[in-house]
Structures are given as C-alpha cells and as structure tokens.
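# with the input below, show me the fold.
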Amino acid sequence: AYDAYRKRALFYPAVERTAGGLVGVLFAHPPTVKEVGKSYEPQFDDVTQTGISLGQYALLQSKEVVLVGRAGTLVEFPETEPGAVVTPSMRPYWVQYQAEQIVNWRTRRINGQRKLSMLVLKEQVEIENEKDFFDPLIVTQYRVLTLDAQGFYTVQLHRERRNDQGEIASGAFAE
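Now for the predicted structure:
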C-alpha cells in the first residue's frame, strides 16, 4: 500500500521554478564588461575555451549559487616564461566547479589579510585505457591549490591509481 501511495504522489517543482525566476531577474539585462582593452573583448565570447560566453557562464554560476549557495570558478592562465610579454592571444580559461566539487579549503592571515591558502577540487578526468584505446577510463582526480606565506601559488594533482585489470586500487592515489 505504501509503494502504491508513493507512486501516486505528486511533487510540485517549486524550488526549480523559484530558482529559475530568481536567475531570470538577475539576467533581465545581459551582463556587460567595462574598461577592458578592445583587443581583449573577443575573449569574453568564449571564456571557457569550449564555446561558453561570459553571459552564459555567469548564468550557469548564478543558477548554482541560487540552488546550492556557493560555486567556484578557477581561472587558469597558460604558463609563460619569466618576463614574457603577455599578448591577447595568450588568454586565460575559466573552469566552473559545483559546490560538491569543492571538497576542502583553508584560510590564513597573510600580510594582515585573511586569504585562501589551500583549496582542494574534485575532478573527473579521462585517461587512456592501455587495454582498449577506444574505451577511455574515467578516474577521480584531486587538484590541490596552495598559497604559501610568500604568495607563491602551487598546484598538485592526485589521481586514482588503477590495477592491472583497470579497477581502482584500494584507497590509492598517485601524485
């Protein structure tokens, strides 16, 4: 009887509709970027380098914040040689992280200001399957971002290890 009761239950999607309405109010007017050089403006048509514009990205992040309460954006810039001249063709890319992917963080005082000093992001990455080139393996990777007392930023990647059968090794992560 209980299972039949559950199958007949109706759920009104109030949260989804409310979130959609709130985000709709936020984006009643499209976002604009002010005070940026003309040569950099085309970058905002594809901030993720996967075809997502700044407006679309802001919409996605706003939905996440309204529904969950927080979200993350990692802006990465290609590594350059010390003293290299940065040109508009050398551009950053933006990566969205949902709240569930931000698994740990730490702050501390640096030069009298509270700053994020450690952040751990959980990612799913595709790696080559040595046994079958056409069937890649999806593994969990943790990206650990740290900021030391001198302000130097480092990144460490810790990835699941697989055994000879392609199965996840028990609790083992490789750096």
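# helices and strands around the helix ranked longest in the chain, which ones?
Scanning the chain for the longest helix, with DSSP state H as the assignment, gives helix 54-68. Packing partners of helix 54-68 (3 or more C-beta pairs under 8 Å, 6 or more residues apart in numbering; DSSP states H and E): helix 14-26, strand 71-76, strand 93-98. Any C-beta I mention is one placed from the backbone N, CA and C, and that applies to glycine too.
# paired strands for the second one, with orientation please.
The pairing partners recorded for strand 71-76 under DSSP bridges are strand 93-98 (antiparallel).
# could you give the angle of the strand it pairs with to helix 54-68?
Angle between the axes of strand 93-98 and helix 54-68 is 20 degrees (criterion: axes from the mean of the first three to the mean of the last three C-alpha atoms, to 10 degrees).
# and residue 108, what does it touch?
Applying C-beta atoms under 8 Å, 6 or more residues apart in numbering to residue 108 gives the contacts 114-115, 117.
# could you look up the SS state of it?
Of the three states, residue 108 takes strand under DSSP: H, G, I helix; E, B strand; the rest coil.
# relative to residue 93, how far out is it?
In this view, residue 108 and residue 93 are 28 Å apart by C-beta to C-beta, to the nearest Å.
# and the lengthiest strand in the chain, what's its mean pLDDT?
Secondary structure of the chain read by DSSP state E shows that its longest strand is strand 113-127. The average of the pLDDT scores along strand 113-127 is 93.
# now that strand: buried residues?
Within strand 113-127, the residues that count as buried by 16 or more other C-beta atoms under 10 Å are 117, 119-121.
# and if you look at stretch 139-146?
Buried residues in stretch 139-146 (16+ other C-beta under 10 Å): 139, 141-143, 145.
# stretch 63-74: end-to-end distance?
End-to-end span of stretch 63-74 (C-alpha to C-alpha, to the nearest Å): 17 Å.
# same check, this time on stretch 65-82
From its first residue to its last, stretch 65-82 covers 37 Å (C-alpha to C-alpha).
# show me where pLDDT drops low in the protein?
88, 162-175 (pLDDT under 70).
# quick check: buried residues in the host helix or strand of residue 6?
Using DSSP states H and E, residue 6 maps to helix 2-8. Buried positions in helix 2-8, judged by neighbour count with 16+ other C-beta under 10 Å: none.
# going forward can the numbers begin at 350, since that is how I track them
With the count now opening at 350, the last piece we talked about shows up as helix 351-357.
# can I get the CA coordinates of that helix in PDB?
C-alpha atoms of helix 351-357 as PDB (Å, rounded to 0.1, in the frame of the first residue of the first chain):
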ATOM      1  CA  TYR A 351       2.900   2.400   0.800                       C
ATOM      2  CA  ASP A 352       4.600   1.800  -2.500                       C
ATOM      3  CA  ALA A 353       1.300   2.500  -4.300                       C
ATOM      4  CA  TYR A 354       0.900   5.700  -2.300                       C
ATOM      5  CA  ARG A 355       4.400   6.800  -3.300                       C
ATOM      6  CA  LYS A 356       3.800   6.100  -6.900                       C
ATOM      7  CA  ARG A 357       0.700   8.300  -6.900                       C
END
